[in-house]
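J.: Generate coordinates for the sequence data below:
(chains A and B)
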Amino acid sequence: MALEVMARASTPIPLDASFRAEPGELLALVGHSGSGKTTLLRTIAGLWRPETARVTVDGEVWLDTASGVNRPPHRRHVGVVFQNYALFPHMTAAQNVIAAMDPGAPNMRSEAERLLALVNLPGLADRKPAQLSGGQQQRVAVARALARRPQALLLDEPFSAVDRATRERLYDEIIALRAHLKMPVVLVTHDVNEAQLLADRMVVIEKGRVVREGTTAEVMADPEALRAMGIREIAAMLPAIIVEHLDDGLTRLDAATGPLFLPTIEGAPGTRVRVRIMAHEVILARARPEGLSAQNILAGKVTRIVSGTGPGVIVHVAVGGDEILARITRRAADQMRLQAGDAVHAIVKSMAVARDHVARAPARGEAAQ
Amino acid sequence: MDWTALFLSLRLAGWTVAILLPVSILAGRWLAFRQFRGKGLVEAIVMLPLVLPPTVFGFYLLVAFGRNSPIGAFWQEAFGHQLVFTFEGLLVASVIFNLSFDIQPAQRGFEAVPVEVREAAACCGMSPWRSLWRVELPLAWPGVLTAMVLTFAHTLGEFGIILMMGGSIPGETKTIAIAIYDRVQGFDMAGAGIMSATLVAISLVTIAATYMLSARVGRRLS
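T.: Numbers count the residues shown, from 1 in each chain, chains lettered A, B, ... in the order given. Presented below is the predicted three-dimensional model:
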């Protein structure tokens, strides 16, 4: 029931990659532009055929250069959200969605309206794309991709064409939508934050090759994996619950080991969120510090210290049942004589957490790293 | 006013458009979407009638379709009369000559359809045929329409090729443009004037109608 992809090519860019996405799983292909991640997505959709490649979905062979199988895109049940959405400009939102249904399917109009409601776009079914905002167009594109009843859903940089505020909202919507999706979802992005917020597993692509594949938490803690994307991207996701919005512009959240104060986070009290804590923004202390401006002090225990080739080390700190990462210099770790098992306090500046580093937690039962 | 000549011209223009409509859609789409070796040469050949004097073009067609040519001999054999100096001969010449007026605008029309939109159509499960009807033609049709109108108006006014290929047989090959020339040769300036004005009026109305239609489509899409 999974999506399996293998592709090798020497032009237009060198490609030698294979990966697998399970049903219901969101897999992020992360890499710089030109790394080949979009080419891999196009290979799945049938818009590109590498010299050597094999694509199977649910055991169905879509492409196999060895045996000469190559289904054209319209014979693959694939839903694609293009970077600029590629909506049909002469059709209304509803017509765009209906266009992806099998001709002659029953109740197309009501099904289109159901899908548009699912992507939070009720009441705009009869607008043309030109009359919709970027975020609304993206939602139509998602509804259209789902109308195909795809065996695999492919998202090609779907958030890159909207402004930051809209993007934050769309992240939450995709997370909520995922409870309804049973097919593998492949997200192509150059944005590591986006991948960490949304993906269950990540494949880091560099120059057409897979440099690391694993759960999002594993990959995001691995300095070697993130060398290509920037070591400063190393971060952990900390689950928390919104408690209250304070008068001074901060939001109080409860994490496993105590309160967190962060700049205003949208969401009603009781909303479960995940907060991306950048490893290089975390300070470690052996004793609980006093008289400190930083608002968030989390007591925890060192579980692992990972050193790479650079001057830094990644310290894994268990806080309650969760984990945060601290990237400190090897010199500091040595001076502190840090070892696995040591009790430490992790200090996080409130202002170090950007607004778009917070996302809703997926619905219960939906595993996410 | 030579009504026979006017109706002959309208008939010739109408048939030329009817034959070229599918040709322009298929050839224009092919040239717009496909990259292949020698594409520049194909485009140059398509453009050639646009720059050649019609008499030169007409001369080659006359040679190619004449009684002694293979094509002319085949026609004589199959239909019992020769191809040149007949309406069919004019129509064949008109179709060939108008390819450039026809394919070019249609090609531009299809080129205006973004490649992602075509890819989206395929990923929505549309076969190439369905994609052509549901997505490409609705977006490319201002170009296709322009092609048709240019072909129509241009055929009405064509002179050189028709003179070379058709002679001037009333009801068969004597089009309005030839009739005007005849009237001037016969010093009937008033008759020539009326027919010229009629031709101007028909052409102007056709082209103006196209522009207004295209502008409305443009507004609808933006």
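J.: alpha carbons only for contacts and neighbour counts from here, please
T.: Noted.
J.: Do you know the pLDDT at residue A:289?
T.: With respect to pLDDT, residue A:289 scores 87.
J.: so what's the backbone phi/psi at it?
T.: phi -80, psi 150 (degrees, to the nearest 10).
J.: to the chain's geometric centre, what's the distance from the helix ranked longest in chain B?
T.: The helix spanning the most residues in chain B, taking DSSP state H as the definition, is helix B:189-221. Helix B:189-221 sits 16 Å away from the centroid of its parent chain (CA atoms, centre = their mean, to the nearest Å).
J.: For it, enumerate the helices and strands it packs against.
T.: With contacts taken as 3 or more CA pairs under 8 Å, 6 or more residues apart in numbering or on different chains; DSSP states H and E, helix B:189-221 sits against helix B:137-157, helix B:176-185.
J.: Show me what the first one is packed against.
T.: Read it as helix B:137-157. Using 3+ CA pairs under 8 Å, 6+ apart: helix B:137-157 touches helix B:3-33, helix B:87-111, helix B:176-185, helix B:189-221.
J.: and the next element down the chain from it?
T.: helix B:160-166 (DSSP states H and E).
J.: Keeping just the C-alphas, turn that next one into PDB.
T.: Provided in PDB are the C-alpha atoms of helix B:160-166 (Å, rounded to 0.1, in the frame of the first residue of the first chain):
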ATOM      1  CA  GLY B 160      -1.900  37.400 -57.300                       C
ATOM      2  CA  ILE B 161      -2.200  33.700 -56.700                       C
ATOM      3  CA  ILE B 162      -5.800  33.600 -57.900                       C
ATOM      4  CA  LEU B 163      -4.800  35.400 -61.100                       C
ATOM      5  CA  MET B 164      -2.000  32.900 -61.700                       C
ATOM      6  CA  MET B 165      -3.900  29.700 -60.700                       C
ATOM      7  CA  GLY B 166      -7.400  30.600 -61.700                       C
END
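J.: Next, count neighbours for residue A:56.
T.: 18 (other CA atoms under 10 Å in any protein chain shown).
J.: And the pLDDT at residue B:50?
T.: Value for residue B:50, per-residue pLDDT: 82.
J.: Help me confirm that it comes into contact with residue B:102.
T.: No. At 10.8 Å, residue B:50 does not count as touching residue B:102 under the criterion of CA atoms under 8 Å.
J.: Same drill for these two, tell me which one is more crowded.
T.: Counted by other CA under 10 Å, residue B:50 and residue B:102 do not tie: residue B:102 has more neighbours, with 30 against 15.
J.: Skipping its backbone neighbours, what lies nearest the more buried one in space?
T.: Once flanking residues are discounted, residue B:102 sits nearest to residue B:147: 4.5 Å by CA to CA, 6 or more residues apart in numbering or on different chains.
J.: Return the residues of chain A in contact with chain B.
T.: Neighbours of chain B within chain A, by CA under 8 Å from any CA of the partner chain: A:45, A:47, A:73-80, A:82, A:86-90, A:99-102, A:130, A:144-145, A:148.
J.: which ones among those residues are found in strands?
T.: A:78-80 (DSSP state E).
J.: Who wins on neighbours among those residues?
T.: Counting by other CA under 10 Å, top hit in these: residue A:80 with 31 neighbours.
J.: so what's that one up against?
T.: A:45, A:142, A:145, A:153-156, B:120, B:123 (CA atoms under 8 Å, 6 or more residues apart in numbering or on different chains).
J.: picking up where we left off before, dump the ones in strands among the residues of chain A next to chain B to TSV, plus pLDDT.
T.: Below are these laid out as TSV (pLDDT from 0 to 100):
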residue	pLDDT
A:78	96
A:79	97
A:80	97
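J.: quick one on the thing from earlier: in the longest helix of chain B, what's buried?
T.: B:191-192, B:195-196, B:199, B:203, B:207, B:210, B:214, B:217 (16 or more other CA atoms under 10 Å in any protein chain shown).
J.: Could you tell me which of the residues of chain A next to chain B count as buried?
T.: Applying 16+ other CA under 10 Å to the residues of chain A next to chain B flags A:45, A:47, A:73-80, A:82, A:86-90, A:99-101, A:144-145, A:148 as buried.
J.: These in helices, which ones?
T.: Helix and strand membership here follows DSSP H; of these, those in helices are A:45, A:99, A:144-145.
J.: Run through the residues of chain B sitting next to chain A.
T.: So chain B meets chain A at B:116-117, B:119-127, B:135, B:138-139, B:220-222 (CA under 8 Å from any CA).
J.: try 7 Å this time
T.: B:116-117, B:120, B:122-127, B:135, B:221-222 (CA under 7 Å from any CA of the partner chain).
J.: Put the buried members of the residues you listed into a ChimeraX selection.
T.: Those of these that count as buried under 16+ other CA under 10 Å are selected in ChimeraX with:
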select /B:116,117,120,122,123,124,125,126,135
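J.: Can you check the pLDDT for the residue of the stretch 201-350 of chain A found nearest chain B?
T.: Chain B sits closest to residue A:208 of the stretch 201-350 of chain A, with a gap of 22.5 Å, by CA to the nearest CA. For residue A:208, the pLDDT comes out at 94.
J.: Would you mind listing the residues in contact with it?
T.: For residue A:208, the contact set (CA atoms under 7 Å, 6 or more residues apart in numbering or on different chains) comprises A:14-17, A:35-36.
J.: Give me the buried entries from the residues you listed.
T.: With neighbours counted using 16+ other CA under 10 Å, the contacts of residue A:208 contain these buried positions: A:15-17, A:35-36.
J.: out of these, who's nearest chain B?
T.: Closest to chain B, out of all of the buried ones among the contacts of residue A:208 and judged by CA to the nearest CA, is residue A:36, at 17.8 Å.
J.: Quick one: name whatever helix or strand follows the helix or strand where residue A:303 lies.
T.: Assigned by DSSP H and E, residue A:303 belongs to strand A:296-307. Following strand A:296-307 in sequence order, the next helix or strand is strand A:312-319 (DSSP H and E).
J.: hang on, the earlier thing: which two among the ones in helices among the buried ones among the residues of chain A next to chain B are spaced furthest apart?
T.: The widest separation within these, taken as CA to CA, falls between A:45 and A:99 and amounts to 17.3 Å.
J.: Could you check how far the host helix or strand of residue A:328 is from the centre of its chain?
T.: If you go by DSSP H and E, residue A:328 is part of strand A:322-329. Relative to its parent chain, strand A:322-329 has a centroid offset of 20 Å by CA atoms, centre = their mean.
J.: Residues touching it, excluding its own?
T.: For strand A:322-329, using CA under 7 Å, 6+ apart, the contacting residues are A:235-236, A:238, A:279-280, A:282-283, A:311-318.
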